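Chemist: Provided below for reference: sequence and predicted model.
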Amino acid sequence: MKAVAVTPSKREVGIIEHPTPELQRDDEVKIRTIDVGICGTDREICTFVYGDPPSGCDYLVLGHEAMGEVVEVGSEVEGLKVGDFVVPSVRRPCSDPNCQACRAGLQDFCSTGNYVERGIKECHGFMTESFVERERYLTYVPSDLRDLAVLMEPLTIAEKGLAQAWATQSRLPWVKHYEDGIPTGQGLNAVILGAGPIGILGAMTMKAAGFETYVYNRSPAPNPKAEIIEAIGARYISSKDVPFPELPAEIGSIDLVYEAIGISSVSFDVLSILGVNGVYIFTGIPAPGDPIPIDANQLMRNVVLGNQAVIGTVNADEASFRAAIRDLGYFKDHWPEAIGAVISKRSPIDSCRELLLDHATGIKNVISFD
Ligand code: BGC
Ligand code: ZN
């Protein structure tokens, strides 16, 4: 069958022939691929600075943001049946008996570094006509979310980020809670840094969680991303209009920053204006580069005197996938056009090289196998 792969030793990117996978274990599920999203990580793997093929293979099948339909189930599969739509997670645990994270099913916190990631690190991904996965790594998608479910995996980044922020802010007993005990961002300001797919989905997540939500991005409005942000009732602010030192005066104290830009200089600029008791969540993975100057004395003073928490987060546990299903439904109910507009284009597999190698256009580009 056809697959999209990188072959680092030959510096090649494109469509290859890849064996059709079959069930090997009773808890496995075979999935017909429907949609696979392309993200910055894929594009970076295509420049050969990130990503590794499985051992013994010279290529890596790309794709970690997938949605598909179950076509076959093993005899021990309990919760899924043929015809169901599913989204796979990305990371698989290491085998070290002493890795408490992986042994607890929290491989997103793997402590050995020997985890693998489908489509990224030492394990083939989902940019193929079909794939096989264990049931435990699949999340069921209600059929009314079929057309949006390719956004689930990038959305789980925001869900896990928010969960980390709330875990941290449980130190502040005055943070408000809904009646069901879930904390709310009501009365708190969240700044999303960047307006790519991760930033937009982050903004929707923070808005849905009750925050006053601001998206801080370079391009001046109007532009399509700003339109989506305004449509959900958040505010889009261009750094061309408001330089970062003026942001707190413009919006008030910044209680939460969700970094979704991957550019360290801008990210540290905005860290320097985080409010007292605030939380800063890093999600970007910048490529290695020259050191950048930062005012470390000022930063350290702020972090200590302001009880600030700086957290990195990488994807994602089962709870984040469940939260993403819930929130995707919320986004669809409240902002159907805005969430629909995040998927800018669905293209056939033959367009993979343009989408992966050319200058990025649109918001979320998707390869559709349907
Ligand atoms: C993926 C994550 C993954 C990370 C690091 C991101 O693009 O969405 O699932 O853990 O890259 O490889
Ligand atoms: Zn991604």
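Modeler: Arrived safely. Ligands and ions are numbered 1, 2, ... in the order given.

Chemist: okay, CA-based contacts and neighbour counts for the rest of this
Modeler: Noted.

Chemist: chain neighbours aside, what residue packs nearest to the residue nearest the centre of the chain?
Modeler: Computing the C-alpha centroid of the chain and ranking residues by CA atoms, centre = their mean puts residue 154 first, at 2.7 Å. Excluding its sequence neighbours, the residue lying closest to residue 154 (CA to CA, 6 or more residues apart in numbering) is residue 198, at 6.1 Å.

Chemist: any idea which element the residue nearest to the centre of the chain lies in?
Modeler: Secondary structure here is read from DSSP states H and E; on that basis residue 154 sits in helix 152-169.

Chemist: average model confidence for the next helix or strand after that helix?
Modeler: Downstream of helix 152-169, the next assigned helix or strand under DSSP H and E is strand 189-193. The average of the pLDDT scores along strand 189-193 is 98.

Chemist: which strands or helices does strand 189-193 pack on?
Modeler: The criterion is 3 or more CA pairs under 8 Å, 6 or more residues apart in numbering; DSSP states H and E, and the helices and strands that strand 189-193 contacts are helix 197-208, strand 212-217, strand 256-259.

Chemist: contacts only, for the closest residue to ligand 1 within the stretch 151-300 of the chain.
Modeler: Nearest residue of the stretch 151-300 of the chain to ligand 1: residue 154, at 5.6 Å (CA to the nearest ligand atom). Contacts for residue 154 (CA atoms under 8 Å, 6 or more residues apart in numbering) come out as 65, 197, 198, 201.

Chemist: tell me how far it lies from residue 87.
Modeler: Distance check for residue 154 against residue 87: by CA to CA, to the nearest Å, it reads 11 Å.

Chemist: mutual contacts of the two, please.
Modeler: Counting by CA under 8 Å, 6+ apart, the common neighbours of residue 154 and residue 87 are residue 65.

Chemist: just the buried residues of stretch 236-254, please?
Modeler: Under the neighbour-count criterion of 16 or more other CA atoms under 10 Å, stretch 236-254 has 236, 237, 238, 244, 247, 253, 254 buried.

Chemist: what's opposite the closest residue to residue 252 other than its chain neighbours in the beta bridge?
Modeler: Take residue 252 and drop its neighbours on the chain: the residue closest to it by CA to CA, 6+ apart is residue 189, 7.5 Å away. Taking DSSP bridges, one finds residue 212 as the beta-bridge partners of residue 189.

Chemist: hang on, residue 189 packs against residue 248?
Modeler: No: because the distance of 10.0 Å does not satisfy CA atoms under 8 Å, residue 189 is recorded as not touching residue 248.

Chemist: helices along this protein, start to end?
Modeler: Taking DSSP state H, the helices of the chain run over residues 40-45, 100-103, 152-169, 197-208, 224-231, 247-251, 264-271, 296-305, 318-334, 336-342, 352-357.

Chemist: point out the most buried one among those helices.
Modeler: Among the helices of the chain, helix 197-208 has the highest mean neighbour count (mean count of other CA atoms under 10 Å), at a mean of 26.

Chemist: contacts for that helix?
Modeler: Taking contacts as CA under 8 Å, 6+ apart, the residues outside helix 197-208 that touch it are 154-155, 157-159, 162, 185, 190, 192-194, 213-215, 225, 228-229, 232-234, 258-261, 327, 330-331, 342, 363-364.

Chemist: residue in the stretch 1-150 of the chain nearest to ligand 1?
Modeler: Closest contact between the stretch 1-150 of the chain and ligand 1, by CA to the nearest ligand atom, is at residue 41 (4.7 Å).

Chemist: model confidence score at that residue, please.
Modeler: Here the pLDDT value assigned to residue 41 is 95.

Chemist: now do it against residue 64, distance only.
Modeler: According to CA to CA, residue 41 and residue 64 sit 9 Å apart.

Chemist: overlap in contacts of the two?
Modeler: Counting by CA under 8 Å, 6+ apart, the residues touching both residue 41 and residue 64 are residue 120.

Chemist: ok, now which ones touch the closest residue in space to residue 73 that isn't next to it in sequence?
Modeler: Spatial nearest neighbour of residue 73, excluding adjacent residues (CA to CA, 6+ apart): residue 29 at 4.5 Å. Remark: with contacts taken as CA under 8 Å, 6+ apart, residue 29 is in contact with 23, 70, 71, 72, 73, 74, 77, 132, 133, 134, 135.
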